[in-house]
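Peer 1: After the sequence you'll find the predicted model.
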Amino acid sequence: MKRGLLFSGAVIVAAAVGLAAIRGSARAGTAEDYYPKRVWGSFEGGQMNTSLLVFRDLNRNGVYDLGDRPMSRVAVELDKPNGSTIMRLTNASGFANFRMSVTQRDFEVVDPGHYAFRVVPPPGFSVTTGNASQESDYVVSPGSPGDMIAKTTTHPVGLAADLTISGVAAAGSRVSLTGPDGVSAAAKVGPDGRFSAPVAPGKWLVDFSAGGATERRHVVVATAPVVLSAFSGKSGSADPPLPVEHVVGFDDLMTSPGVFEIPSGYGGLNWYNLVAMHQRFTDGPGYTNTTMSGEFIAYNSSGHPAQVFSDKPFDFTGAYFGAGWDDAEGETLILRAWRGDEPAYEDQLALSANGPVYFAADYRRITRLEIRTQHYWQAAIDDFAYRTGP
């Protein structure tokens with residue numbers, strides 16, 4: 001009985017399928033049906049981007065080559081054939097994208113004609129590639145993704161930070177800088193003790209003198225402006241530097257694009273309220289622009305004060321700092337250090353989402369470092385350098 005019922009049901013199902021086929025709801029197909037060739041010449045009706053890449057020219061050689069990085073939040077203007085100008089900011093990949101379509105008339109590039117691109121560098125940056133302005137003619141091309149193409153495409157535009165050494169000296173101080181070429185020059189010190197001097201990449205000596213006290217700093221200028229910690233103006237020599245040098249770039253903490261609280265013991269130091277993440281995990285342009293090595297970067301969690309500390313004294317050599325978000329442009333970073341319970345150092349510097357500054361701290365024999373922002377925005381941090389004992 002059971003076998004007969006099952007067989008009868010199978011017959012009914014087969015009959016139903018056959019009836020559906022007769023009624024035309026299904027039929028056998030051919031290769032031409034399943035893999036049709038496109039008939040070219042008609043308008044696609046779609047869209048594509050016409051783009052320009054802006055990169056950080058880290059070696060300042062005017063060529064987009066290995067080691068260079070995309071630069072986010074750079075203004076790129078597009079002059080259109082009708083005389084109007086529109087602006088787009090570069091994204092986390094360094095591209096300023098303008099939508100192109102012949103049929104979608106609310107896009108940026110819709111008419112054939114002559115178009116001109118112009119990169120507007122942020123304050124403190126200069127073009128290294130000599131092509132801030134570029135031009136091209138666009139023509140209608142039915143069947144292309146946007147039904148329009150550029151007769152010539154854009155070339156990457158490189159930017160590099162204008163290099164300076166700056167800082168704050170005691171009132172009445174004299175500051176002299178000696179460059180890699182051995183030439184020395186005095187820096188102008190303002191009434192508030194602040195000074196800033198344009199420099200070239202390489203090794204520099206900075207000599208301070210005030211009230212009979214002198215101090216010499218050795219500074220390496222690389223890809224970013226350098227901010228020196230304050231000159232104390234006190235007599236006596238500083239403690240000699242500890243012998244073992246370290247640099248942490250936060251790339252060995254994680255392998256996935258998330259956030260990771262930096263644990264105590266990382267790099268032999270203790271960490272509090274500092275988080276590491278992939279530079280593109282958020283939309284903050286400053287994280288992309290501050291990353292100097294690898295793909296990961298650190299920041300003070302939720303913009304609140306963070307600390308690095310150790311039972312054994314360590315030297316804080318310095319680090320790259322930037323503002324994580326463009327809404328925090330000009331945020332003030334406050335750094336304080338202690339030896340035990342005794343305050344030892346304090347400095348302030350301005351942060352930018354456009355790119356980092358290197359803070360040359362040279363804090364000797366400290367046991368605790370506090371990293372704080374005045375308005376509780378996140379400070380991006382990379383290549384944290386320090387020294388420890390043997």
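Peer 2: Okay, I see it. Residues are numbered from 1 along each chain as shown.
Peer 1: Ser302 belongs to a strand, doesn't it?
Peer 2: No: using DSSP: H, G, I helix; E, B strand; the rest coil, the secondary structure at Ser302 is helix, not a strand.
Peer 1: Where does pLDDT dip in the chain?
Peer 2: Using pLDDT under 70 as the threshold, the predicted model of the chain has low-confidence ranges 1-26, 233-237.
Peer 1: can you do 50?
Peer 2: 1-23 (pLDDT under 50).
Peer 1: Outline the domain layout of it.
Peer 2: As recorded under automatic domain parsing, the domains making up the chain are 48-160, 164-388.
Peer 1: nearest to Asp33, of the ones you listed?
Peer 2: domain 48-160 (22.1 Å; Cβ to Cβ). Every residue, glycine included, has its C-beta placed from N, CA and C.
Peer 1: in the stretch 51-200 of the chain, which spans are strands?
Peer 2: 69-70, 75-79, 85-89, 95-100, 113-120, 125-127, 133-140, 148-150, 157-161, 164-168, 174-178, 184-187, 194-198 (DSSP state E, counting those that start in this stretch).
Peer 1: Thought Gln348 was touching Thr332, still the case?
Peer 2: Yes: in terms of Cβ atoms under 8 Å, Thr332 counts as a neighbour of Gln348; the distance is 5.6 Å.
Peer 1: ok so, going back, to Thr291, which of the strands of the stretch 51-200 of the chain lies closest?
Peer 2: strand 69-70 (7.0 Å).
Peer 1: quick one: strands adjacent to that closest one?
Peer 2: Applying DSSP bridges, strand 69-70 is found paired with strand 48-56 (antiparallel).
Peer 1: count of residues packed around the nearest residue to Ala185 once chain neighbours are set aside?
Peer 2: Here the nearest residue to Ala185 in space, its sequence neighbours aside, is Leu177; by Cβ to Cβ, 6 or more residues apart in numbering that works out to 5.9 Å. The local packing count at Leu177 equals 20, with neighbours defined by other Cβ atoms under 10 Å.
Peer 1: residues touching Ala276, list them.
Peer 2: With Cβ atoms under 8 Å, 6 or more residues apart in numbering as the criterion, the residues that contact Ala276 are 250, 253-254, 259-260, 262, 296-298.
Peer 1: rerun at 7 Å
Peer 2: Shown here is Ala276, whose contacts under the criterion Cβ atoms under 7 Å, 6 or more residues apart in numbering are 250, 253-254, 260, 262, 296, 298.
Peer 1: Which PyMOL command selects the buried ones in those residues?
Peer 2: The following PyMOL selection, which keeps only the buried ones among the contacts of Ala276, applies the criterion 16 or more other Cβ atoms under 10 Å:
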select buried, resi 250+253+262+296+298
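Peer 1: Filter the contacts of Ala276 down to the ones in strands?
Peer 2: When strands are assigned by DSSP state E, the members of the contacts of Ala276 inside them are 260, 296, 298.
Peer 1: which of the residues you listed lies closest to Pro70?
Peer 2: Within these, the smallest distance to Pro70 is 15.6 Å, found for Phe296 (Cβ to Cβ).
Peer 1: mind checking the end-to-end distance for stretch 197-213?
Peer 2: With Cα to Cα, to the nearest Å applied, stretch 197-213 spans 22 Å between its terminal residues.
Peer 1: which residues are contacting it?
Peer 2: Among residues not part of stretch 197-213, those counted as contacts by Cβ under 7 Å, 6+ apart are 163-165, 169-170, 172-180, 187, 214-222, 228, 231, 233-235.
Peer 1: which stretch of helix or strand covers Asn289?
Peer 2: Per DSSP states H and E: Asn289 is located in helix 285-290.
Peer 1: residues in contact with that helix?
Peer 2: The contact list for helix 285-290, computed with Cβ under 7 Å, 6+ apart, reads 70-73, 92, 279-280, 297, 320, 322-326, 353-356, 380, 382.
Peer 1: Then stretch 299-314?
Peer 2: Among residues not part of stretch 299-314, those counted as contacts by Cβ under 7 Å, 6+ apart are 242, 269-275, 324, 365-373, 376-381, 386-389.
Peer 1: got it, and stretch 245-259?
Peer 2: With contacts defined as Cβ under 7 Å, 6+ apart, stretch 245-259 is touched by 260, 262, 266-267, 275-278, 281, 293-298, 382-388.
Peer 1: Could you give me the buried positions within that stretch?
Peer 2: Within stretch 245-259, judged by 16+ other Cβ under 10 Å, the buried ones are 248-251, 253.
Peer 1: And the strands in the stretch 251-390 of the chain?
Peer 2: Using DSSP E, counting those that start in this stretch, strands in the stretch 251-390 of the chain cover 259-261, 270-272, 274-278, 296-300, 306-323, 332-339, 342-350, 357-373, 379-388.
Peer 1: related to what we said a few turns ago, just curious, which of the contacts of Ala276 is nearest to Asp192?
Peer 2: Using Cβ to Cβ, Ala298 comes nearest to Asp192 of these, at 31.1 Å.
Peer 1: didn't the closest one look like it was pressed against His278?
Peer 2: No: contact between Ala298 and His278 fails when scored by Cβ atoms under 7 Å: they sit 11.4 Å apart.
Peer 1: which residues make contact with stretch 34-44 from outside it?
Peer 2: Counting by Cβ under 7 Å, 6+ apart, stretch 34-44 makes contact with 102-103, 142-145, 147, all of which sit outside it.
Peer 1: thinking again about what came up before, can you turn the buried part of the contacts of stretch 245-259 into a PyMOL selection?
Peer 2: If you want just the buried ones from the contacts of stretch 245-259 in PyMOL, going by 16+ other Cβ under 10 Å, the selection is:
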select buried, resi 262+266+267+275+276+277+278+296+297+298+382+383+384+385+386+387+388
